[in-house]
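Attaching a predicted model along with its sequence, questions to come.
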Amino acid sequence: MIGILVISHEPLGTAMIHCTRHIYGRLPPQLAALDVVPDEDPDQVFAAATDLLKRINDGSGVLVLTDIYGATPSRIAARLADPHRVVVVAGTNLPLLVKAIANRRRPLDEVVGELVSRAKEAIISVDDAEARDRGAQG
């Protein structure tokens, strides 16, 4: 089963995985967060990320989700990347994390492709969605 590591600005990653506990009734296995605090040494964060990665990887690979592409958490996550073993996706949000958890028994590259293609569907205008839903009902 694919491990999932969220590396983000403090406290986003921890908050997101706590939300998964609310959704699933317990914390899903092989899921971890690493929150990067301001002025933290990136090399120390990278070392902590490497340790977490080892703990959550059962050999199926790890999906690393990060918040803002190009920011410190993203740059640290990019250092972990290893083709077909550790894949990094920037721009994470809760729907993306939930979809990753739901599909983590599939091959890593397949899950990443699905997440990236479906990510656009996770951001919608509520007004548009409600109008679409009303139209579907009527």
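Okay, I see it. Residues are numbered from 1 along each chain as shown.

and P73, which of the three is it?
Remark: P73 carries the secondary structure label helix [criterion: DSSP: H, G, I helix; E, B strand; the rest coil].

Relative to R104, how far out is it?
For P73, the distance to R104 under the criterion CB to CB, to the nearest Å works out to 21 Å. Where C-beta positions appear, they are placed from N, C-alpha and C, glycine not excepted.

Have a look at the two and say which one is more surrounded.
The neighbour comparison of P73 against R104 (other CB atoms under 10 Å) goes to P73, with 29 against 20.

Identify the residues contacting that one.
Applying CB atoms under 8 Å, 6 or more residues apart in numbering, one finds that P73 lies in contact with I7, S8, H9, L34, V36, V45, T66, D67.

if you set the cut-off to 7 Å instead, what comes out?
Under the criterion of CB atoms under 7 Å, 6 or more residues apart in numbering, the neighbours of P73 are I7, S8, H9, V36, T66, D67.

Quick check, the second one in contact with T66.
Yes - checked against CB atoms under 7 Å, the pair S8 and T66 is within contact range at 6.0 Å.

Neighbour count: those two, which is higher?
Between S8 and T66, counting by other CB under 10 Å, T66 is the more crowded of the two (29 against 25).

what ranges do the strands span in this protein?
Under the criterion DSSP state E, the chain carries strands at the ranges 3-9, 31-36, 62-66, 86-90.

Can you tell me which of those strands is nearest to V111?
Taking CB to CB, strand 62-66 is the member of these nearest to V111, at 6.5 Å.

buried ones in that closest one?
Residues of strand 62-66 classed as buried by neighbour count (16 or more other CB atoms under 10 Å): V62, L63, V64, L65, T66.
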